[in-house]
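[1] what would the 3D arrangement of this be:
(2 chains)
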Amino acid sequence: MLDRTKAPYINNLVQPDIIKAQEAFIFENTPVFFVHSDNQEALKIEIITDSGSKFEQKPAAASTALSLLNEGTINRTGSQISDGFDSRGAFTDFNNTSDRQHMSCYTLERFFPEIIELMSDVWINPSFPENELERYQNQKAEQIAQQRKKNQYKAAEVFKNSLFGKNHPYGRTVGPEEIKSITREDLIDFHPTMYRNPAIFLSGKVTDNVLSTLQDHLQKIPVAQANTSKTKKPEQITDLIVIKRPESLQSTIRMGLPVIDRGHKDYYKLVVANELFGGYFGSRLMKNLREDKGYTYGVHSRLMHLEDEGYMIVGTDVIKEKTEDSLNEIQSELERLATESVEQLELDTVINYLKGNFISSINTPYSLVDKFKSLYFYDIDYGFYDNYFENLDQITPADIKNTVEKYLLNNQWTKVVVGDLK
Amino acid sequence: MINFSSFTLDNGLQVFVHEDHTTPQVAFNLLYNVGSKDEDENKTGFAHLFEHLMFGGSKNIPSFDEPLQKVGGENNAFTAPDITNYYITLPAVNLETAFWLESDRMLSLSFDQKVLDVQKKVVIEEFKQRYLNQPYGEAWLKLRPLAYKVHPYKWATIGKDVSHIENATMDDVKEFFFKFYRPNNAVLVVAGPVKKETVQYLAEKWFGPIPSGEDYVRNLPKEPEQKGKRTDIIETDVPSDAIYKVYHIPGRSDSRYHDADLISDVLGRGKSSRLYEKLVKDKKYFFELNAYVTGSVDPGLLVVAGKTPNGISLEQAENAIDEVVYDLAENGVGEKELEKVKNKAEASLVFGEVELLNRAMSIAIGANLGNPNLVNEETGMIRNVTTDSFNNMAKSVLKESNASTLLYIKNNNQ
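    Sure thing, here's the model as predicted:
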């Protein structure tokens, strides 16, 4: 008779070999990396440059310039560009961050020559048409005004402002006024920045043809090597900030603090501590605020890494009347981790969960390239992943206690509430 | 081409195996043929509340998540108007754990009162977070009953009203479970580096002993043809005016479904679409405007949704949409434009098949529609759309008598 109370035998998870990105070639200091797979019809190309918002002279210049690339070049109108991508079924995604700009495109391999022609045209020859700029500004300004009415967006902005300081490149947020003050000249001024230190990543069906077509196009690109200096020291505000929106049904909570970077010897311990605290569905915070009390649909903590700063962020939306209560519970879960040793069983569970997560994150050429990028830009080598399971296995309950006490249980927290305290 | 093999257990559980030996991971997808459309009109939101309860412990296993996390697995679920779908990804070496956990909760839940009490609260917070505490969050709570008068698509998956969730009792839970959560009302797909024989052995072992239930015969009222334009207006605290206009279209298993799908692409998918080109770029009547289809099993909706800047009246905005939409109905589409949206639809399918879990889900959804091979046939169906079939469909659905419009008017009290 089948005994359903007894779990099947648990097999140990073995560190998988991660397929490493290869360097295809370096063209005039621009490296091209790829992960090829025969099983794909599609491929993704991503061009990344050192030209994020921290390099802009005027707030919003970087994101506006990037958004306008697709709106017209000296050779094509905006409509011709969108039609060029759409008629081949390609998807583009242009993403601006504080540190870098990403231009990526998913396409069927057979269309790569046409797609790379379009991408290099928009990268090299944007015309920044005045009327498209104006339309973009009106749309974007309106969208931000809309977003700011959402508690979650507002909380994220105030959190950034407070964690780094409003004048810090990582803490700055832009609103309708900044968007509307951008002129065509600002974009033309910013454009050369978009050639800084490009690196190109290909994944999927990366054939020899794809690589040689890419190489031909790179000849046209005036890449610029540039040194990047570190961002200035953040000016953090560690108070509890409450943005009152009494009409809200829920309060949004965002709280966090600066943490060690990924090269630090204690980093793996912090990864596990974060996961236990609020990283996964079985976390202490989830069990407390959701599964035990029903205050929220979800609560999460995450470790985030910008080029020069790392931080932890805890986020949740809770019953408004239980806001203060929730803040106290979050604090008490932190204290509990710092004072009581975690049971070995709970620790094993979270470590296996992290291992399984890792196994599922290296399944496609696209995710393998993402893994590589997450090392490449931070000067970390593949050893970080090759020794991942081994490092996780060495962590003890005492490590967790000490890590939480040392890095998380302090008064370095920035706390933001949008809604109300009760 | 996505390969798969299949077998059916004596208790009626259909099992599909998709072998992919390039990954160390398994996707385990269990689809139950029950959605919010199967709910009692006075107990809406129940299928979704039920999905939450499925994580609150089963007959022999107190917690679903922990044992799975312990073997390196992860899981989630979603509820839709047509189906409820549960999925696990885990390292292939621990595949049996997925069988153990999923079969025990199909056998029986623990029916713990505390779990029900807490999950009612959690779902109510989800209701607030997603629908009530969010500008435009209520749109679909209003649109559904406007477009559907008879068919149960008239209520949203989250439910018609918070009180329906508050009033759910343990008896309701048990009745729902034994009616719908039976092996003969489910489809299992196992994908990854597995062999059919292994899956068959494990399926017999863990799911085989579960008794089947009575066959569920779905007998839903058909939505009658709409005989005239409908309009509803919400005046509330939103950042800007908005318009949602919907038209009835055929359901997912209708041979004409892809015509309707491509019509929505021509109208409003991406920056080279007609609505975007004409009304966002040229006239600037909207700063956001899209068209898409709901893709439901029973006859669904083609949706045009947009937000307008200050200074553009909703009347102007709707007239402008009508001009573009009815121009398509009257003059149709040409080869070149149709080819463009077909390419895009085809590429989306290719991109969608990259992830193992997506492939498993596609097989399950197809099987539930009666054709597990749908995932391999869909590209052909898209290719088979002709300008004639497209234009005929456009003429028959894009008309004012088939339309319902929801207008959001921003109130100026702020």
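[2] tally of neighbours for whatever residue of the stretch 251-400 of chain B ends up closest to chain A?
    Closest residue of the stretch 251-400 of chain B to chain A, Cβ to the nearest Cβ: B:Ala347 (3.0 Å). (Each C-beta comes from the backbone N, C-alpha and C, glycine too.) By other Cβ atoms under 10 Å in any protein chain shown, 21 other residues sit near B:Ala347.
[3] my guess is it contacts A:Leu108, does it?
    Yes. Contact status for B:Ala347 versus A:Leu108: in contact at 5.7 Å, counting by Cβ atoms under 8 Å.
[4] shared neighbours of those two, which are they?
    Residues within reach of B:Ala347 and of A:Leu108 at once, by Cβ atoms under 8 Å, 6 or more residues apart in numbering or on different chains, are A:42, A:88-90.
[5] ok, which of these also contact chain B?
    Applying Cβ under 8 Å from any Cβ of the partner chain, the subset of the shared contacts of B:Ala347 and A:Leu108 adjacent to chain B comprises A:42, A:88-90.
[6] which parts of the stretch 51-200 of chain A sit against chain B?
    Listed as neighbours of chain B in the stretch 51-200 of chain A under the rule Cβ under 8 Å from any Cβ: A:70, A:78-79, A:82-83, A:85-91, A:106-108, A:135, A:138-139, A:142-143, A:145-146, A:149-151.
[7] just the buried ones from these?
    Buried subset of these (neighbour count, 16 or more other Cβ atoms under 10 Å in any protein chain shown): A:70, A:78-79, A:82-83, A:85-91, A:106-108, A:135, A:138-139, A:142-143, A:146, A:149-151.
[8] which members of these are positioned in strands?
    Among these, the ones falling in strands (DSSP state E) are A:91, A:106-108.
[9] name the SS class of the residue most central in space within chain A, please.
    With distances taken as Cα atoms, centre = their mean, the residue of chain A nearest its centroid is A:Met304 (7.4 Å). For A:Met304, the secondary-structure state derived from DSSP: H, G, I helix; E, B strand; the rest coil is strand.
[10] of all the shared contacts of B:Ala347 and A:Leu108, which two lie farthest apart?
    Greatest spatial distance among these (Cβ to Cβ): A:Ala42 and A:Arg88, at 11.4 Å.
[11] how about the strands in the chain?
    In the absence of a named chain, chain A is used. With DSSP E as the criterion, chain A has strands at A:22-27, A:30-36, A:42-49, A:91-96, A:101-108, A:199-204, A:240-244, A:250-259, A:296-305, A:310-319, A:414-419.
[12] meant chain B, my bad for not saying
    In chain B, the strands defined using DSSP E lie at B:5-8, B:14-19, B:25-32, B:74-79, B:84-91, B:186-192, B:230-236, B:242-249, B:288-293, B:300-307, B:403-410.
[13] tally of neighbours for the nearest residue to the residue nearest to the centre of chain A once chain neighbours are set aside?
    Nearest non-adjacent residue to A:Met304, counting by Cβ to Cβ, 6 or more residues apart in numbering or on different chains: A:Tyr311, 5.5 Å away. For A:Tyr311, the count of nearby residues is 22 (other Cβ under 10 Å).
[14] repeat for B:Asp254
    When counting by other Cβ under 10 Å, one arrives at 15 neighbours for B:Asp254.
[15] for chain A, what is the nearest residue in chain B?
    Per Cβ to the nearest Cβ, the residue of chain B with the smallest distance to chain A is B:Gly72, at 2.4 Å.
[16] just want the phi and psi numbers for that residue.
    phi 90, psi 20 (degrees, to the nearest 10).
[17] ok, how many other residues are close to it?
    28.
[18] need the pLDDT of the residue lying closest to it once chain neighbours are set aside.
    Computed as Cβ to Cβ, 6+ apart, the closest residue to B:Gly72 that is not its neighbour in sequence is A:Gly356, at 2.4 Å. As predicted, A:Gly356 sits at a pLDDT of 94.
[19] sorry, back to before: and the ones in strands among the buried ones among the residues of the stretch 51-200 of chain A next to chain B as TSV, adding pLDDT?
    What follows is these, written out as TSV (pLDDT from 0 to 100):
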residue	pLDDT
A:Phe91	94
A:Tyr106	95
A:Thr107	95
A:Leu108	93
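[20] now residue 10: closest residue in space that isn't a chain neighbour?
    Assuming you mean chain A. In this structure, A:Ile10 finds its nearest non-sequential neighbour in B:Val71, 5.3 Å apart by Cβ to Cβ, 6+ apart.
[21] hm, I was asking about chain B
    Nearest residue to B:Asp10, sequence neighbours excluded (Cβ to Cβ, 6+ apart): B:Gly208, at 7.0 Å.
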